[in-house]
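Student: coordinates for the following, if possible.
(2 chains)
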Amino acid sequence: MDSSLLAILQVGALALVLVAIHRPLGDYMARIYSSTKDLRVERGFYRLIGVDARAEQSWMAYLRSVLAFSLIGVLLVYALQRAQAVLPYSLGLPAVPEGLSFNTAVSFVTNTNWQSYSPEATMGYTVQLAGLAVQNFVSAAVGIAVAIALVRGLRRTRQGTLGNFWVDLTRGTLRLLLPLAALVAIVLIAGGVIQNFAGFTDVTTLSGGTQSIPGGPVASQEAIKMLGTNGGGFFNANSSHPFENPTGFTNLVQIVLMLAIPFSLPRTFGAMVGDKRQGYAILAAMAAIFVVSLTALTLFELGGAGTAPQLAGAAMEGKETRFGIAASTLFGSTSTLTSTGAVNSMHDSFTSLGGMMPMINMMLGEVAPGGVGSGLYGMLILAVIAVFIAGLLVGRTPEYLGKKLGPREIKLASLYILVTPTLVLAGTALSFAIPAIRADVEGTSILNPGLHGLSEVLYAFTSAANNNGSAFAGLTANTPWFNTALGVAMLFGRFIPIVLVLALAGSLAAQPKIPSTAGTLPTHRPQFVGLLVGVTIIVSALTYFPVLALAPLAEGL
Amino acid sequence: MSTRSRSGRQYWVALRAMVVFTVVLGIGYTAVVTGIGQLALPAQAGGQPVSDADGQVVGSALIGQSFTDADGNALPQWFQSRPSAAGSGYDGTASSGSNLGPENADLIAAIGERRAAVAKLEGVSESEVPADAVTASASGLDPQISPEYARLQVARVAEARDLPEAKVSALVDSFVEGRDLGILGDPTVNVLELNLALASMAG
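Tutor: Numbering: from 1, shown residues only, chains lettered A, B, ... in the order given. Here you go, the predicted model:
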């Protein structure tokens, strides 16, 4: 069968699954976060941690809870890594060094899952489970909670509160992520993903050599890694490792998992603001960008331009036989258009223009459909900007869902879209501008010389600041500079936007609802979807085009 | 209550919540999934070990291995796997791709050398060597090769084992796995499983 036809059929199958699940899942999430009833187990949990589930929080209180919970998470994951030598099930691995522990703790708490290390040689089972897997759940639940708080801000009128963070966190974890992850983990085991505590087993191979075969509780990690758009692999090779992702079927399951919640949240949003069409407009903008980006990457890789791919006959360097090109590009696009950052093929070895697409995906702000929660709040911020621009064009005060967008709201939204570009460009520039660091970056970290080396550094900061976690993995990032700089980029890239989103939510919630008139811009029609897509692309294109021209474009053209 | 004591309380709540989550999500969840996996799907959960005719475990059906001598030269009696960037080749403790970029001089040179070596080994022209035979996979543990690369090796393996070529060719055909659901991924041949069948055939 023709490879482009196969690629289309594969996307068609994915689309069918997503269409089927977005409605029940989206409505279920709306019920979870709207319900006033607590489960018995939740009441016990609230008593245990000392929380009054009925207490409403202002945006500042909600934010304080988010930050306190995340700080405790960073400290705990850091401590676990530093104590690895004395923890059980550590496979004899030593304590993780300070710089790497900091980077990894921040990475998993911020839902980035950037890995400066090779897991099978660094992290024992206890750190993977008690540290990393737990953050895979709760960092995802935090992202959804913040998005829901913003939706409540749009929905509520003349109120000072946004809900209760601890309740949103608990419900997202216990009612949504935990049951789904457990179910999917079993499906993944049935598909061949391993789940054991066997450690490394040495065997004599068929031709008389020796091989050390790893074990590990992989399926349980894998399920939440994808469902929570985390992306941190149990093994260095991530989802290209046959024990993480053994077949074309498990590959599709993983892609569905990455997209399930992000593509269902617009439905949740529509249901919670009482106008489902608003949700579908957001969804349409996300899906349009997704399809265009995926098509571009797939065409670039099938085309196989560049000296090495031409010489090999196809762009198969860094790709697995069982996936081929189309299932690799579908995975890569999905992973970087969400905030997952898992890989089933090595992006560093993509064609020059193909390798640029994951970067562009992240530079768009990961809004198509984005990470769990972060994708929705990112797209809603862009909707605010789009409405503002439309308002400027026709000379009317901008409003979105009956909320007036005044100077304060526009300032918050504008600051939001400035945060990650600043981190990406400043981090990349500093890597080359400071002579001592430049020497280290070029001497130790960069694998591929020339323009491709600049791409590796640009990719790293793009990935960290956008909390994606994928890499041009030739880069040796386990150095003092990258562990620190990328750690800071991940922290600021996660929490400054969250501060701004919650501030915006608080300011919207306090407003009255203004009735829509004939002059109100309808935000559920194709016209607005087009405007939203345009704003999304123009904002990031203007920001990043110069640096893209210096690296992947220069290499590929 | 002052702001300071309120936010101090948040940290106490956060710590307790994190401890409970660690028990439930880190330990409880993993234990339940492991338990179900080990009871209901032991072969899959255990990584699908495969044994030779004597019942000796020789590897995993999912993890590729090298069929070379100590110097890395291909052993002609075995079907060969793809080039591997995991350690010194198919190192199960060091899964990795090469991460070499499309214009990297080392990669370009390596592809040229591999192409010449495969063409020489199989006694075919360089243009007949498929892409997967000259490129390293993403994991370095790719257990499979393309059906084209497997068929390319039939004549050489048959000769080294003194088997009729048609018989080896038929064996390869029986090991071609199609796409999942007919559309997902690409057709493959599992090298270790093929070689195991080959070994028992030679008896």
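Student: so who does residue A:157 touch?
Tutor: By Cβ atoms under 8 Å, 6 or more residues apart in numbering or on different chains, the residues touching residue A:157 are A:509, A:511-513. (Glycine included, C-beta is placed from N, CA and C.)
Student: which helix or strand contains it?
Tutor: Assigned by DSSP states H and E, residue A:157 falls within no helix or strand.
Student: please list the residues of the stretch 1-150 of chain A that sit near chain B.
Tutor: A:6, A:9-10, A:13, A:45, A:48-51, A:61, A:64-65, A:68-69, A:71-73, A:76, A:118, A:120-121, A:129-131, A:133-134, A:137-138 (Cβ under 8 Å from any Cβ of the partner chain).
Student: please flag which of these sit within helices.
Tutor: A:6, A:9-10, A:13, A:45, A:48-49, A:61, A:64-65, A:68-69, A:71-73, A:76, A:134, A:137-138 (DSSP state H).
Student: circling back to that earlier point, which one of the contacts of residue A:157 sits closest to chain B?
Tutor: Checking the contacts of residue A:157 against chain B by Cβ to the nearest Cβ gives residue A:509 as the nearest, at 20.2 Å.
Student: just give the number of residues close to the closest residue to residue A:408 other than its chain neighbours.
Tutor: Among residues not flanking residue A:408 along the chain, residue A:507 sits closest, at 5.6 Å (Cβ to Cβ, 6 or more residues apart in numbering or on different chains). Residue A:507 is flanked by 17 other residues according to other Cβ atoms under 10 Å in any protein chain shown.
Student: residue A:313 now?
Tutor: 18.
Student: how about the lowest-mean-pLDDT helix or strand in chain B, does it reach chain A?
Tutor: When the helices and strands of chain B are scored by mean pLDDT, DSSP states H and E, helix B:3-21 comes last with a mean of 84. Yes. Judged by Cβ under 8 Å from any Cβ, helix B:3-21 and chain A are in contact via B:6-7, B:9-18, B:20-21.
Student: give me the buried subset of the residues you listed.
Tutor: Buried by 16 or more other Cβ atoms under 10 Å in any protein chain shown: B:10-11, B:13-18, B:21, out of the residues of helix B:3-21 next to chain A.
Student: next one, pLDDT for the residue nearest the centre of chain B please.
Tutor: Chain B has residue B:142 as the residue nearest its centroid, 2.5 Å off, counting by Cα atoms, centre = their mean. Looking at residue B:142, its pLDDT reads 98.
Student: spell out, range by range, the strands that occur in chain A.
Tutor: A:201-204, A:210-213, A:399-400, A:403-404 (DSSP state E).
Student: packing partners of the third one?
Tutor: Which is strand A:399-400. When contacts are defined as 3 or more Cβ pairs under 8 Å, 6 or more residues apart in numbering or on different chains; DSSP states H and E, strand A:399-400 packs onto helix A:374-394.
Student: okay, buried residues for the helix it packs on please.
Tutor: Buried, per 16+ other Cβ under 10 Å, within helix A:374-394: A:374-388, A:390-391.
Student: return the closest of the residues of helix B:3-21 next to chain A with respect to residue A:334.
Tutor: Minimum distance to residue A:334 across the residues of helix B:3-21 next to chain A is 27.3 Å, recorded for residue B:21 (Cβ to Cβ).
Student: you'd agree that closest one is up against residue A:135?
Tutor: No. The pair residue B:21 / residue A:135 is not scored as a contact, 9.2 Å apart, by Cβ atoms under 8 Å.
Student: so where's the chain uncertain?
Tutor: Defaulting to chain A. A:1 (pLDDT under 70).
Student: oops, wrong one, chain B.
Tutor: Short version for chain B, where the test is pLDDT under 70: B:1-7, B:202-203.
Student: that one: helices as residue ranges?
Tutor: Going by DSSP H, chain B shows helices at B:3-21, B:29-40, B:42-45, B:105-122, B:147-152, B:154-161, B:165-174, B:191-202.
Student: helices or strands up against the last one?
Tutor: This points to helix B:191-202. Right, helix B:191-202 is packed against strand B:49-51, strand B:57-60, helix B:154-161, helix B:165-174 by 3+ Cβ pairs under 8 Å, 6+ apart.
Student: make CSV from these and add distance to residue A:100 and mean neighbour count to it.
Tutor: Below are the helices and strands packed on helix B:191-202 laid out as CSV (distance: least, Cβ to Cβ, whole Å; neighbours: other Cβ atoms under 10 Å in any protein chain shown):
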stretch, distance to residue A:100, mean neighbour count
strand B:49-51, 33, 15
strand B:57-60, 29, 22
helix B:154-161, 46, 18
helix B:165-174, 46, 15
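Student: nearest to chain A, out of those?
Tutor: strand B:57-60 (4.7 Å).
Student: and residue A:409, how far from residue A:384?
Tutor: Separation of residue A:409 from residue A:384 (Cβ to Cβ, to the nearest Å) stands at 7 Å.
Student: okay, and the common contacts of those two?
Tutor: By Cβ under 8 Å, 6+ apart, the residues touching both residue A:409 and residue A:384 are residue A:504.
Student: distance of residue B:48 from chain A?
Tutor: 7 Å (Cβ to the nearest Cβ, to the nearest Å).
Student: what sits closest to that residue if chain neighbours are left out?
Tutor: Nearest to residue B:48 is residue B:61, by Cβ to Cβ, 6+ apart, at 4.3 Å.
Student: what's the neighbour count on the closest residue to residue B:139 other than its chain neighbours?
Tutor: Excluding its sequence neighbours, the residue lying closest to residue B:139 (Cβ to Cβ, 6+ apart) is residue A:237, at 3.8 Å. Using other Cβ under 10 Å, residue A:237 has 34 neighbouring residues.
Student: verify the contact between residue A:237 and residue B:140 for me.
Tutor: Yes. With contact defined as Cβ under 8 Å, residue A:237 reaches residue B:140; the gap is 6.7 Å.
Student: need the residues touching each of the two.
Tutor: What both residue A:237 and residue B:140 touch, as defined by Cβ under 8 Å, 6+ apart, is the set B:86, B:95-97.
Student: just the buried residues of those residues.
Tutor: Buried, going by 16+ other Cβ under 10 Å: B:86, B:95-97, out of these.
Student: report the contact partners of residue B:181.
Tutor: Per Cβ under 8 Å, 6+ apart, neighbours of residue B:181: A:13, A:248-249, A:252.
Student: make a PyMOL selection of the buried ones in these.
Tutor: Those of these that count as buried under 16+ other Cβ under 10 Å are selected in PyMOL with:
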select buried, chain A and resi 13+248+249+252
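Student: and the contacts of residue B:181, which is closest to chain B?
Tutor: Nearest to chain B out of the contacts of residue B:181 is residue A:248 (Cβ to the nearest Cβ; 3.1 Å).
Student: ignoring the adjacent residues along the chain, who's closest to residue B:188?
Tutor: residue B:144 (3.7 Å).
Student: looking at strand pairing, list the partners for that neighbour.
Tutor: residue B:190 (DSSP bridges).
Student: tell me, how many residues neighbour the closest residue to residue A:148 other than its chain neighbours?
Tutor: Spatial nearest neighbour of residue A:148, excluding adjacent residues (Cβ to Cβ, 6+ apart): residue A:33 at 4.7 Å. Applying other Cβ under 10 Å, we find 24 other residues in the vicinity of residue A:33.
Student: which residues touch residue A:33?
Tutor: Contacts for residue A:33 (Cβ under 8 Å, 6+ apart) come out as A:148, A:163, A:168, A:171-172, A:268, A:272.
Student: looking at those, which has the most residues close by?
Tutor: Busiest of these [other Cβ under 10 Å] is residue A:148, holding 29 neighbours.
Student: spatially central residue in chain A, please.
Tutor: Closest to where the C-alpha atoms of chain A average out (Cα atoms, centre = their mean) is residue A:339, at 1.3 Å.
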